[in-house]
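Q: coordinates only, sequence not included:
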């Protein structure tokens, strides 16, 4: 088991390195004049040239990549002399539009995104799996048909439209909740909950639909297996049969999907952040497109891609825990 | 090949008591396509969703005709329909009237119905083109990867892993500004032509690995079948085997995947336009209409609900259609 994990971690590190290279080259190939974008309307040709040299844009792509990569470990100084900007390790780049290290900007926004992602994750995983099991047990009955058709609609709803409809009814028409105004939970827990409850529920309903469908089909498949009959025949209570035998066997695809969905959400539930005006990573990405800031975009892309790769690793390791046959492969 | 032998024994030895002739006629006479069709013809969901989709396709295709018959137009400004001072549409329901059946836009007086129909065209154009691109790339690389095995397969597999590791929506947003600019530099007209081309290309380029994996899996089992072996022993060239022998056996999973991908791309286009990185006004699109609605939906809820409902209808209809086709083509599914 230890050897398996070590091998997987090494592959992951290699993949991450490759990813930084691709992201870097991808963004470097773009025609945008990054130096011109660093100072907005107040640009003079002099500042542009200065920033070009500061950013190392006069060097080749691979030299730039090396500077970028080494900055992660030893930090980096942009420019020389009095006007130099020091970005301490780990340095993910420097945002000239916001005059702050990119990592700092990302870390400021990350808590909001994590709260949004984790809250919704717990809700949709628990809700989706429970509904799926219930639906499978009542197969063909009205409960099953209701759950399946509601799940299909939930699965098809475009998230931003659903979010807007919820805002329209809950906040504007019925005035159950105030307008969303994000505060960190340690500053104002009530305000935090009031703001987050709707995006959590919206995400939960959208994602739970998928898990309901998945769990239902998994359960239906395993419930037909011989060992379920055996378990029932030897007199195990139905609860134990469902929980320990049927659900566990059908768990692997659910774990895969859940791991990737959590990573995707951490990468910014961009759409709902925009709809509910939450100051998370997604909002930062969009604002960096509207007021172009390449350093931030590179940083966010790398951070979120890292989430996805790490989630993949965790999913693979969980696989090996759930199903010992995987370790051989 | 062991599996083949077993299944042929099963077919030729029906259970006692079954009418042997009738059973054989049944087995001999029906290809997968025929089975699928007979299932689909009895599937109410399939019939309803295809009728809805045909109507929607006709609305999109005939949009110029319909709008000119109704005397409306998606771009022209109607100062008569809006209040001079604030730009608020005159009358209830966003200024709904005989001239403008679904009302007009705030501030500009552009006709909502016409914009909706043209928005449908843009949305379907992007979704269909991107899906075609995914199907072409995914099938091509899937077949190559599955048939070649060895280092080509290994390389393509890792390459797909890498593409799949990218946060899809984020990368589309992040690259939109500069890549659209690059397309304009390449000679595609500036503005929405470049933006639409960008969306199609990026959706296609980041979408194909999923399909390629499905195709690869199918090819891995197909290449061990007798008909491929016999083609190889007859001296058929590799491209001939790939595209004349193997490809025709792949259409079922590809069709299912494509039908389920279309609604995803319709929704993604709407989302991107909503976030302001997709199609921009004055070109009409669902996403942009919904983004605009945010400012006014307290006063005029129809701005939110009309484009939103149409969007949901399109997406749900495609999803239901895809589900039906998948069930009908699934050899394991019970006859219903």
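A: That came through, no problem. Predicted model only: the values in this text are computed from it and were never measured.

Q: for chain B, which residue gets nearest to chain A?
A: Of all residues in chain B, residue B:178 sits closest to chain A, at 3.7 Å by Cβ to the nearest Cβ. The way it works is simple: take the backbone N, C-alpha and C, and place the C-beta from them, glycine included.

Q: report the separation between that residue and residue B:277.
A: 12 Å (Cβ to Cβ, to the nearest Å).

Q: show me where the stretch 151-300 of chain A dips below the pLDDT cut-off.
A: Along the stretch 151-300 of chain A, the parts satisfying pLDDT under 70 run over A:267-268.

Q: ok, 80 please
A: Counting by pLDDT under 80, the stretch 151-300 of chain A shows low-confidence ranges at A:152-156, A:180, A:244-245, A:248-252, A:264, A:266-269, A:290-292.

Q: element containing the residue of chain B closest to chain A?
A: Residue B:178 is part of helix B:168-185 when elements are defined by DSSP states H and E.

Q: likewise residue A:253?
A: Per DSSP H and E: helix A:251-266 holds residue A:253.

Q: contacts for that helix next, please.
A: Contact with helix A:251-266 is made by A:113-114, A:116-118, A:120-121, A:125, A:129, A:203, A:207, A:210-211, A:214-215, A:218, A:304, A:307-308, A:310-312, A:314-315, A:318-319, A:322-323, B:167, as judged by Cβ atoms under 8 Å, 6 or more residues apart in numbering or on different chains.

Q: make a PyMOL selection of the buried ones in the residues you listed.
A: Per 16 or more other Cβ atoms under 10 Å in any protein chain shown, the buried members of these correspond to this PyMOL selection:
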select buried, (chain A and resi 113+116+117+120+121+125+129+203+207+210+211+214+215+218+304+307+308+310+311+312+315+318+319) or (chain B and resi 167)
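
Q: according to the record, where do the domains of chain A fall?
A: Following automatic domain parsing, one finds the domains of chain A at A:32-91, A:105-328.

Q: show me where the stretch 51-200 of chain A has strands.
A: Listed in chain order, the strands of the stretch 51-200 of chain A (DSSP state E, counting those that start in this stretch) span A:76-78, A:85-87, A:94-95, A:100-101.

Q: from those, which stretch is densest packed?
A: Scoring the strands of the stretch 51-200 of chain A by mean neighbour count under mean count of other Cβ atoms under 10 Å in any protein chain shown gives strand A:94-95 as the most buried, with a mean of 24.

Q: chain center to that strand, what's the gap?
A: Its chain's C-alpha centre and that of strand A:94-95 lie 23 Å apart, by Cα atoms, centre = their mean, to the nearest Å.

Q: in terms of secondary structure, what does it contact?
A: Packing partners of strand A:94-95 (3 or more Cβ pairs under 8 Å, 6 or more residues apart in numbering or on different chains; DSSP states H and E): strand A:100-101, helix A:102-137, helix A:294-322.

Q: indicate which one of the ones you listed is closest to chain B.
A: Nearest to chain B, of all the helices and strands packed on strand A:94-95, is helix A:294-322, at 4.1 Å by Cβ to the nearest Cβ.

Q: okay, the angle between the closest one and helix A:102-137?
A: 40 degrees (axes from the mean of the first three to the mean of the last three Cα atoms, to 10 degrees).

Q: when you scan helix A:294-322, is anything in it near chain B?
A: Yes: using Cβ under 8 Å from any Cβ of the partner chain, helix A:294-322 reaches chain B at A:297, A:300, A:301, A:304, A:305, A:307, A:308, A:309, A:312.

Q: which one, of the domains of chain A, ends up nearest to residue B:228?
A: Residue B:228 lies closest to domain A:105-328 among the domains of chain A, at 29.3 Å (Cβ to Cβ).

Q: work out the gap between that closest one and the centre of the chain.
A: Worked out by Cα atoms, centre = their mean, domain A:105-328 lies 10 Å from the chain centre.

Q: likewise stretch B:68-85?
A: Taking the mean C-alpha point of stretch B:68-85 and that of its whole chain, the gap between them comes to 32 Å (Cα atoms, centre = their mean).

Q: so what touches it?
A: Contacts of stretch B:68-85 (Cβ under 8 Å, 6+ apart): B:67, B:88-90, B:95, B:97, B:99-101, B:104, B:106-111, B:113-115, B:117-118, B:282, B:284.
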